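In: Here's my sequence, what's the structure:
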Amino acid sequence: MSEVARTYGVARSWIYALLARYRDEGEAAFEPRSRRPLTSPSAVSPGVIELIVRLRKELAGQGLDAGPHTIAWHLQQHHQVRVSPATISRHLARAGLVTPAPAKRPKSSYTRFAAEQPNECWQSDFTCYPLAGGADAEILTWLDDHSRLALSLTAHRTVTAGAVLGAFRAACARYGPPASTLTDNGTVFTTRLLARGSAGPGLLELELRRLGITQKNGRPGHPQTQGKTERFQQTLKKWLAAQPSQPADLAALQGMLDTFTDLYNTRRPHRSLNRATPATAYASRPKATPATPAPGARDHTRPGRVDANGAISLRTAARLHHIGIGRAHAGTRVLILIRDLDITVIHAATGELLRTLTLDPARDYQPTGAPKGRPPRPK
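Out: The predicted structure is shown next:
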C-alpha cells in the first residue's frame with residue numbers, strides 16, 4: 001500500500017477506500033462520483049421554493065419590484081422565513097423566471113448623492129401618461145430627496161406653472177416647507193433660461209423667494225441630476241401598466257395615483273433605504289427648514305462617533321469643542337446637524353435624537369447637565 005501511494009502521489013487511506021469500493025462494486029468503483037453531500041440540513045424546502053416562485057409572479061403581476069432582495073424582505077416580514085437573496089436568485093433561475101440582462105455600467109462609476117435630512121431638498125418633475133380614450137394626461141411629482149417619500153402625485157391635462165405652485169403649497173401645508181428644491185429647467189419651474197427681459201420670475205420662483213427656500217436646477221440636457229424622480233416615474237408607470245384597466249379620465253387616474261402613493265410610501269420596501277419604507281425613513285430624523293442663516297453662519301452636516309468618555313468633538317471658529325452625549329452612547333455613530341451655534345446630534349442608524357444645544361464658544365467642554373458620576377439617561 002505504501003509503495004503504490006508513493007508511486008501515484010496519493011494517500012494510503014485513499015488506496016484502502018478504492019479497494020473497499022472495488023470489493024463491493026467491481027469496476028464501477030472507479031467511475032467519477034457526485035460530490036453532493038448525503039444530507040443538506042440547511043437546504044431550502046420545496047414549500048419555500050414554491051413560495052419564492054409565487055411571490056415572484058404576484059409582485060411582477062402587480063407591477064412591483066420582484067427582485068431577489070425584495071422577495072427576501074417579503075419572506076422575512078410576512079412569512080417569517082429567512083432566505084438569502086443569492087439563494088432566491090438561484091431558484092428563480094432554475095424556474096426559468098430570470099431573463100439575462102445586458103451588461104450595465106458598474107454602479108461604482110456613478111456619483112451618488114442624497115440629502116442628509118428630510119425636507120432638506122425636494123425634487124419635482126412631470127411625465128406624460130395616455131388615458132383610455134386616447135387623450136394624454138400629465139403626472140406631476142414632488143419627492144423628498146432624503147427619504148424618497150412621495151409628497152405629492154397629481155394628475156393634470158397639462159402641467160402649468162399654476163399647477164406646480166398649487167401642488168407645492170399643498171405639500172408644504174402637509175409636510176412643512178423644504179430648505180431647497182431641485183428641478184429641471186422647464187418653464188413651469190423656472191424662467192432663468194428664457195431670453196433676458198422676456199419674462200420675470202415664475203410663480204414657483206416667487207414663492208420660493210418669499211419663503212427663503214433655495215432653488216436649484218439641473219444642467220440642461222442632464223436628467224441624471226434629477227435621477228430620483230426619473231426612477232420614481234419608471235416605478236409608477238410599471239405599476240400603472242400592470243393594473244387591470246387604463247383610466248378613462250383625470251379623476252380615475254388621480255384615484256390610481258392616490259392608491260399608488262399609499263402603497264409606495266407605507267408598504268413597499270425601498271432598496272436604497274436598506275429595505276425601509278419611505279414613510280419610515282421620513283419620520284426617523286429631524287426635518288430641515290428653509291430658515292436663512294445669519295451672515296457668516298455655518299449650516300452643514302457632519303458624521304461623528306461618541307468616544308469612550310461619552311462625548312463628540314466639533315471644531316468651530318478654529319477652536320475644538322467637546323460635546324457631552326453620555327457614556328451610555330459610547331461608540332455610537334452619530335450625525336451632527338450644525339446651524340451656526342445651534343447643534344443637533346442624532347443617532348446615525350435609527351435617527352433617535354440624542355441631544356440639542358446652543359454651543360458656548362467660550363467653553364471647550366459642553367456638559368450634558370447630568371449629575372456627576374451618573375451617565376445621562378438616553379432621551
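In: Assumed G26 was part of a strand.
Out: No - G26 sits outside any strand when classified using DSSP: H, G, I helix; E, B strand; the rest coil, being helix.
In: Pull up the gap between it and P32, please.
Out: The span separating G26 from P32 equals 16 Å under the rule C-beta to C-beta, to the nearest Å. No exception for glycine: its C-beta is placed from N, CA and C like everyone else's.
In: neighbour-wise, which of those two wins?
Out: Shown here are G26 and P32; by other C-beta atoms under 10 Å, G26 has more neighbours (9 against 5).
In: which stretches of the protein have low pLDDT?
Out: By pLDDT under 70, the low-scoring segments of the chain are 100-101, 103-112, 195-200, 221-222, 291-300, 316-318, 340, 369-379.
In: all strands of it, in order?
Out: Secondary structure of the chain, counting by DSSP state E: strands at 122-130, 136-144, 150-156, 180-183, 214-217, 299-305, 311-316, 319-324, 333-339, 342-347, 353-358, 365-366.
In: Please name the bridge partners of F126.
Out: L140 (DSSP bridges).
In: Roughly how far does Y264 sit from N119?
Out: In this structure, Y264 and N119 are separated by 18 Å, where distance is defined by C-beta to C-beta.
In: who has more neighbours, the two?
Out: For Y264 and N119, the more surrounded residue by other C-beta under 10 Å is N119, and the numbers stand at 26 against 22.
In: residues in contact with that one?
Out: N119 sits next to D144, H146, Y175, G176, P177, P178, A179, K287, A288, T289 when contact means C-beta atoms under 8 Å, 6 or more residues apart in numbering.
In: one more time with 7 Å, if that's ok
Out: Contacts were defined as C-beta atoms under 7 Å, 6 or more residues apart in numbering; by that measure N119 touches D144, Y175, G176, P178, A179, K287, A288.
In: Can you give me the domain boundaries for the protein?
Out: In the domain annotation for the chain, the residue ranges read 1-33, 46-94, 122-283, 299-366 (automatic domain parsing).
In: is it possible to export the ones you listed to a markdown table including distance to F113?
Out: A markdown table is the format used below for those (distance: least, C-beta to C-beta, whole Å):
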| stretch | distance to F113 |
| --- | --- |
| domain 1-33 | 54 |
| domain 46-94 | 22 |
| domain 122-283 | 8 |
| domain 299-366 | 13 |
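In: how about the helices of the protein, start to end?
Out: When secondary structure is read from DSSP state H, the chain shows helices at 2-8, 12-25, 46-61, 68-79, 85-94, 161-175, 203-211, 227-241, 250-266, 278-283.
In: Alright, that wraps it up for me.
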